[in-house]
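[1] Provided below are the primary sequence and the corresponding predicted coordinates.
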Amino acid sequence: MSKYSSIAVIYGSDSSEWEISCRSGEFIASRIDGTIYDVFEIFARNGHWSLVAYRRKNSVRVILPESGRPEIDKTDFSVTVAGNKVKFDFAYIMQHGTPGENGLMQGYLEMLKIPFSSCSSFVSAITFDKFTCKNYLRDTDYVKCADDVFIRRGEVTPELAGKVIDKLGLPLFVKPTDGGSSFGVVKVKKAEEFADAVDVAFSEGKMIIAERFIPGRELTNAVYHNGKEPVALPVIEIVTDHEFFDYDAKYNGCSEEICPAPLSAELTQKIQEASKKIYRRLGCSGVVRVDYILSGDDLYFLEINTIPGMTSASLVPKMLRTAGLDITDFLTEIIENAG
């Protein structure tokens with residue numbers, strides 16, 4: 001017997017990632033078990049929330065015309081469809097970036113006491129900020145963090161480039177602390193490139209970091225909670241001929257995603273154990289994806305994605321297929337073990 005009946009899948013966002021979010025959300029909505037739940041798809045962007053499609057139990061998906069999409073009533077998280085009011089009793093959040101990944105959507109749902117699929121508002125807020133999240137993990141013995149310099153807009157001076165390069169060396173990365181999908185991330189190889197990289201990063205956020213370049217293999221690993229304990233999925237190695245795993249490499253087929261990663265059993269276990277420890281230390285919920293650089297024997301934490309991409313071509317579904325897990329059953333497990 002399910003805990004929930006009406007599942008609202010929320011996608012779209014206020015960030016540059018909103019189109020990717022829509023693809024993830026539509027995929028998730030199509031894979032949620034239609035024999036158990038009514039599924040409602042909500043497009044939410046810049047304060048405008050509307051119902052774009054729905055699928056009743058054991059029925060086909062109904063797509064609403066743009067002129068006939070009812071507004072979501074935010075006072076109680078409900079919608080009126082064909083004269084009938086539907087109050088959602090669970091939210092599956094698929095918003096990449098703000099407000100779904102930085103805790104704002106979670107805070108709204110927490111105030112209404114509506115369970116949801118992701119980390120809490122507090123955990124979402126700290127994990128969304130790369131600098132803050134790294135500070136929670138710097139002193140652990142299972143993962144390392146690259147040296148960095150935190151920069152607010154008012155702190156940019158003509159002397160900044162020299163100070164940062166003296167500390168971090170070249171090449172280095174400049175990135176917004178709160179972005180995703182590699183928007184605003186620049187690899188700086190020469191001192192004269194630093195100022196432009198800072199401008200690009202600030203175009204995506206109010207705070208940025210410069211981070212030491214760590215050479216090595218890029219790996220990623222997802223973790224979810226099965227109701228009893230965190231479970232790590234197979235590790236993926238990302239191989240690209242780009243300078244790094246940028247937007248083009250992520251979404252336009254310019255990378256190879258090897259699953260399972262060609263690692264020894266011992267090293268695979270080390271990474272999976274580190275992922276589960278990070279999940280517990282940060283207080284995560286639902287499914288998250290942790291990104292790493294393996295440099296020699298050292299495992300460096302890059303970032304954590306608390307709303308990872310979930311299209312058929314995304315990394316987490318690829319891990320699920322490798323593990324032999326059915327995605328519909330997996331989503332049911334995430335929904336039923338939330339809260």
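    It's in. Please read these numbers as outputs of a predicted model, since none were measured by experiment. Numbers count the residues shown, from 1 in each chain.

[2] What residues sit buried inside stretch 45-63?
    Buried residues in stretch 45-63, counting neighbours by 16 or more other C-beta atoms under 10 Å, are found at R45, W49, S50, L51, V52, A53, Y54, R55. For every residue, glycine as well, the C-beta is placed using N, CA and C.

[3] where in the stretch 51-200 of the chain is pLDDT low?
    Regions of the stretch 51-200 of the chain meeting the criterion pLDDT under 70 cover residues 179-182.

[4] What segments of it are helices?
    For the stretch 51-200 of the chain, the helices defined by DSSP state H, counting those that start in this stretch cover 104-112, 121-128, 130-137, 160-168, 194-202.

[5] I'd like to check the angle between the second one and helix 104-112, please.
    Inter-element angle recorded for helix 121-128 and helix 104-112: 170 degrees (by axes from the mean of the first three to the mean of the last three C-alpha atoms, to 10 degrees).

[6] Helix 121-128 - contacts with which helices or strands?
    helix 104-112, helix 130-137, helix 265-282 (3 or more C-beta pairs under 8 Å, 6 or more residues apart in numbering; DSSP states H and E).

[7] TSV for those, including mean neighbour count and distance to W18?
    TSV is the format used below for those (neighbours: other C-beta atoms under 10 Å; distance: least, C-beta to C-beta, whole Å):
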stretch	mean neighbour count	distance to W18
helix 104-112	18	13
helix 130-137	18	20
helix 265-282	17	25
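
[8] Save those helices as TSV, and put in distance to P317 too.
    Output for these, formatted as TSV (distance: least, C-beta to C-beta, whole Å):
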stretch	distance to P317
helix 104-112	22
helix 130-137	24
helix 265-282	17
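
[9] Nearest approach to S67 belongs to which of those helices?
    Of all these, helix 104-112 sits nearest to S67, with 26.2 Å by C-beta to C-beta.

[10] residues making contact with the closest one?
    Helix 104-112 is contacted from outside by 10, 44, 74, 76-77, 91, 93, 95, 98-100, 115-116, 118-121, 124, using C-beta atoms under 8 Å, 6 or more residues apart in numbering.

[11] give me that answer again for 6 Å
    For helix 104-112, the external contacting residues (C-beta atoms under 6 Å, 6 or more residues apart in numbering) are F77, A91, I93, P99, F116, S121, S124.

[12] again, but for stretch 151-165
    V149, A191, F194, F202, M207, I208, A210.

[13] Ramachandran angles for the residue of the chain most remote from its centre?
    Centroid-distance maximum for the chain: G83 at 35.8 Å, with C-alpha atoms, centre = their mean. Dihedral pair for G83: phi 80, psi 0, per degrees, to the nearest 10.

[14] who are the neighbours in contact with it?
    G83 touches nothing, counting by C-beta under 6 Å, 6+ apart.

[15] Quick check: end-to-end length of stretch 189-207?
    End-to-end distance of stretch 189-207 (C-alpha to C-alpha, to the nearest Å): 21 Å.

[16] Ok, stretch 190-210 next?
    The first and final residues of stretch 190-210 sit 14 Å from each other (C-alpha to C-alpha).
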